[in-house]
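Engineer: What would the 3D arrangement of this be:
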Amino acid sequence: MDLQEIWKITLAQIEIKLDSPAQFKTWFKDTKLREIRGSHAIIGVKNSYTSDWLSKKHSKLIKDTLSYVHGSDLTVAFEIDSSLANKPNPVITPEELTADTPIFGLHQGQDSSTDQILKNSGLNSNYSFANYIVGPSNKLGHAAALAVAKKPGESYNPLFVYGKTGLGKTHLAHAVGRAILESDPYKKVLYVSSEGFLNDMVKAIRSGKNIQFRQKYRTLDLLIIDDIQFIYKWKETQNEFFNTFNVLYNDKKQIILISDRSPDEIQGIEDRLRSRFQGGMTVDIEKPDFEMRLALVESKSKTMGISLPIHINEFIAKNITENVRELEGAIQKVSLYSSMVQEDLSLEEVAKILGKDTSSKREKTKVPAILKCIAKEFNTTVKDLKGPRRTADVAFARQVCMYLLREDYGYKLEQVAAYINRKDHTTVLHAVDKIKSKLMIDEGFKNQIDSLRETISGNDD
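Structural biologist: Here you go, the predicted structure:
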């Protein structure tokens with residue numbers, strides 16, 4: 001066999017052994033076997049970075065595979081080959097990027113140089129597409145992010161991601177940055193907050209390094225700005241960012257903006273900047289539903305090395321509804337307590353640990369706040385809920401009040417009756433039974449009550 005045929009067979013076997021299309025394309029595709037001199041093989045690569053990486057990480061794999069194909073024991077060395085230097089970087093699909101494999105072909109943890117690449121870009125090495133849980137609340141954002149990772153600067157530029165705190169906006173943006181670096185480690189990627197951008201600008205002005213500042217930001221392949229809503233505070237920063245945005249956009253470089261509100265809701269920014277924000281794709285990351293929260297609990301538990309019974313996971317997913325960070329905190333809290341007592345926890349104990357038991361709820365949320373939220377939901381007033389009116393809509397809202405006060409907050413029947421100005425506690429029993437029955441057969445009503453519960457918990461007095 002000639003050198004080309006030997007190397008072709010060798011690469012085919014290496015590809016199978018690696019079992020990672022992204023890694024194989026990144027490090028092995030643009031290589032060639034230049035010569036075999038005695039027991040010494042010279043492998044041509046496109047640059048010194050690839051030479052260092054293959055020598056450090058895959059020399060044994062290459063040596064063993066090449067020796068087997070050649071039929072004799074060989075040593076290997078890597079040399080830069082000018083014929084490979086100008087070859088375009090391989091195209092790696094989003095499916096390959098989301099494979100559950102570490103970055104840059106690593107199999108056991110993070111390598112220091114890998115960490116350094118991500119750190120220099122301001123990226124969190126724990127955030128990737130592989131561990132991003134997708135559900136109805138973030139499906140559109142995930143799809144847009146994948147498209148950006150595949151064709152940065154071409155699909156959805158800028159990508160504007162907004163939503164409440166702790167819903168995974170930053171994770172998604174970091175996953176795009178990581179995917180782009182997996183495809184080409186020479187790409188210039190930077191994640192920074194709007195305040196970080198301001199601080200860099202002020203530092204540059206004070207030290208007379210404006211040119212270096214602009215060189216840093218305007219030669220990037222991907223710029224991710226977090227908390228962009230705060231840019232309204234700084235007039236000059238808005239102007240500098242507007243110019244930076246234009247340079248990157250005109251050069252077809254990708255921009256990702258993260259905010260806790262939509263571009264329309266950001267007060268105090270210039271119209272020309274708002275127009276730029278709205279010029280690409282705007283996606284809203286919403287609160288996850290129960291099924292997605294359960295998937296998140298199971299995934300986060302696995303990542304943390306924590307194993308909880310399924311009924312505990314379901315309880316956490318059902319009762320922690322606001323965001324992913326709160327879910328993580330709940331998992332850690334329950335796991336820590338379980339390890340301390342070294343026994344299985346009951347749901348009542350878990351509820352108490354998380355402050356979701358009825359006594360904790362009563363302390364946290366007062367009855368007037370509950371009544372106010374219910375009255376608003378059913379378009380009536382607290383006065384009517386506690387009054388004599390018996391119209392169908394008011395009576396139904398009153399029954400919802402009784403149900404929630406009894407079932408969610410554990411008030412005694414007599415207490416619930418007193419709060420609604422009713423003398424007979426059997427009225428409360430009737431209301432609870434009626435609402436329970438409706439919840440069992442009416443999915444739309446069940447969703448309404450779940451949403452109402454979240455509203456009440458978010459309006460604690």
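
Engineer: Burial check on Lys29, number of neighbours?
Structural biologist: By other Cβ atoms under 10 Å, the residues close to Lys29 number 15. Just so you know, the C-beta spots here come from the backbone N, C-alpha and C atoms, and that holds for glycine as well.

Engineer: before we move on, what SS does it have?
Structural biologist: coil (DSSP: H, G, I helix; E, B strand; the rest coil).

Engineer: roughly how far apart are it and Tyr49?
Structural biologist: Counting by Cβ to Cβ, to the nearest Å, the gap from Lys29 to Tyr49 is 15 Å.

Engineer: got it, and Trp234?
Structural biologist: To Tyr49, Trp234 is 38 Å away according to Cβ to Cβ.

Engineer: What of Ser259?
Structural biologist: Distance from Ser259 to Tyr49, by Cβ to Cβ: 35 Å.

Engineer: higher neighbour count, these two?
Structural biologist: Taking other Cβ under 10 Å, Ser259 and Tyr49 do not tie; Ser259 has more neighbours (23 against 13).

Engineer: residue contacts, that one?
Structural biologist: Ser259 is in contact with 160-162, 227-229, 266, counting by Cβ atoms under 8 Å, 6 or more residues apart in numbering.

Engineer: how about 7 Å then?
Structural biologist: Applying Cβ atoms under 7 Å, 6 or more residues apart in numbering, we find Ser259 in contact with 160, 162, 228-229, 266.

Engineer: Which one (most neighbours) among these?
Structural biologist: That'd be Ile228 among the contacts of Ser259, by other Cβ under 10 Å, with 27 neighbours.

Engineer: residues touching that residue, list them.
Structural biologist: 194, 257-259.

Engineer: Just give the nearest non-adjacent residue to it, would you?
Structural biologist: The spatially closest residue to Ile228, leaving aside those adjacent along the chain, is Leu257, at 4.6 Å (Cβ to Cβ, 6 or more residues apart in numbering).

Engineer: Repeat that for Ile231.
Structural biologist: Nearest to Ile231 is Ser194, by Cβ to Cβ, 6+ apart, at 4.7 Å.

Engineer: about what we covered before: assumed the residue nearest to Ile228 was part of a helix.
Structural biologist: No. Read with three-state DSSP, Leu257 is strand and lies in no helix.

Engineer: Could you report the neighbour count for it?
Structural biologist: For Leu257, using other Cβ under 10 Å, the count is 26.

Engineer: same deal with Gly305?
Structural biologist: 7.

Engineer: And for Met440?
Structural biologist: 10.

Engineer: With Lys252 instead?
Structural biologist: 12.

Engineer: helix/strand/coil for it?
Structural biologist: Lys252 ends up coil, using three-state DSSP.

Engineer: can you map out the strands along the stretch 1-150 of the chain?
Structural biologist: 32-37, 40-45, 75-80 (DSSP state E, counting those that start in this stretch).

Engineer: How far off centre is the strand or helix carrying Ala330?
Structural biologist: Using DSSP states H and E, Ala330 falls within helix 324-341. Distance of helix 324-341 from its chain centroid, counting by Cα atoms, centre = their mean, to the nearest Å, is 20 Å.

Engineer: Which neighbouring elements make contact with that helix?
Structural biologist: helix 290-304, helix 310-319, helix 347-353 (3 or more Cβ pairs under 7 Å, 6 or more residues apart in numbering; DSSP states H and E).

Engineer: Quickly, which of those bottoms out on average pLDDT?
Structural biologist: Comparing the helices and strands packed on helix 324-341 by mean pLDDT, the weakest confidence falls on helix 347-353, with a mean of 74.

Engineer: That one: which residues count as buried?
Structural biologist: 349-353 (16 or more other Cβ atoms under 10 Å).

Engineer: need those residues in a markdown table with distance to Gln278, can you?
Structural biologist: Shown next, in a markdown table, are the buried residues of helix 347-353 (distance: Cβ to Cβ, whole Å):
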| residue | distance to Gln278 |
| --- | --- |
| Glu349 | 49 |
| Val350 | 44 |
| Ala351 | 44 |
| Lys352 | 47 |
| Ile353 | 44 |
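
Engineer: so which of the residues you listed comes closest to Ile16?
Structural biologist: Val350 (46.4 Å; Cβ to Cβ).

Engineer: which residues in the stretch 1-150 of the chain form helices?
Structural biologist: Secondary structure of the stretch 1-150 of the chain (DSSP state H, counting those that start in this stretch): helices located at 3-18, 21-27, 48-57, 59-70, 82-85, 94-97, 112-120, 139-150.
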